[in-house]
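Novice: only geometry, no sequence info:
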């Protein structure tokens, strides 16, 4: 499980470097609606305090259904703070709105495909989970 978590973190950093990352529930939904074929992974992140957010849970249900219908790998993760660290979210508090890490989409554009071992590792984990009838695998990201 730790190796998959590490692969996910590496994948997110590589995708961000190559501008293949979309962050935010609404931004991700818009992208998937426009070009679902370029999406290779949907990461849905919550922490305990988000479990009672009905609107967020409805969005997640719709995103999960869309991903299943379009053969897009999905991962549920906990550890929003860790995601913010991995993606370089500034820890200083200023007047800017913090990014919404509840949904992160990794895209793989046709013109310059994202090729990395981390993408294959995460994809294999999702496929193995589906073979065990766990359609939406779960990972817990630990702060370091």
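Specialist: Okay, I see it. Here the structure is a predicted model, which means the values were calculated and not measured.
Novice: what are the ranges of the helices in this protein?
Specialist: 2-17, 25-34, 54-69, 80-86, 117-131 (DSSP state H).
Novice: to residue 106, which of those helices lies closest?
Specialist: Residue 106 lies closest to helix 2-17 among the helices of the chain, at 4.7 Å (C-beta to C-beta). For the C-beta atoms, the positions are set from N, CA and C on the backbone; glycine is no exception.
Novice: residues making contact with that closest one?
Specialist: Contacts with helix 2-17, where a contact means C-beta atoms under 8 Å, 6 or more residues apart in numbering, come from 21, 41, 43, 75, 77, 82-83, 86-88, 104, 106-107, 114, 116-119, 121-122, 125, 139-142.
Novice: which among those residues count as buried?
Specialist: Buried by 16 or more other C-beta atoms under 10 Å: 21, 41, 43, 75, 77, 82-83, 86-87, 104, 106-107, 114, 118-119, 121-122, 125, 139, 141, out of the contacts of helix 2-17.
Novice: residue 48 is nearest to which of the helices of the chain?
Specialist: Short answer: helix 80-86, nearest of the helices of the chain by C-beta to C-beta, at 10.4 Å.
Novice: give me the helices and strands touching that closest one, please.
Specialist: helix 2-17, strand 39-45 (3 or more C-beta pairs under 8 Å, 6 or more residues apart in numbering; DSSP states H and E).
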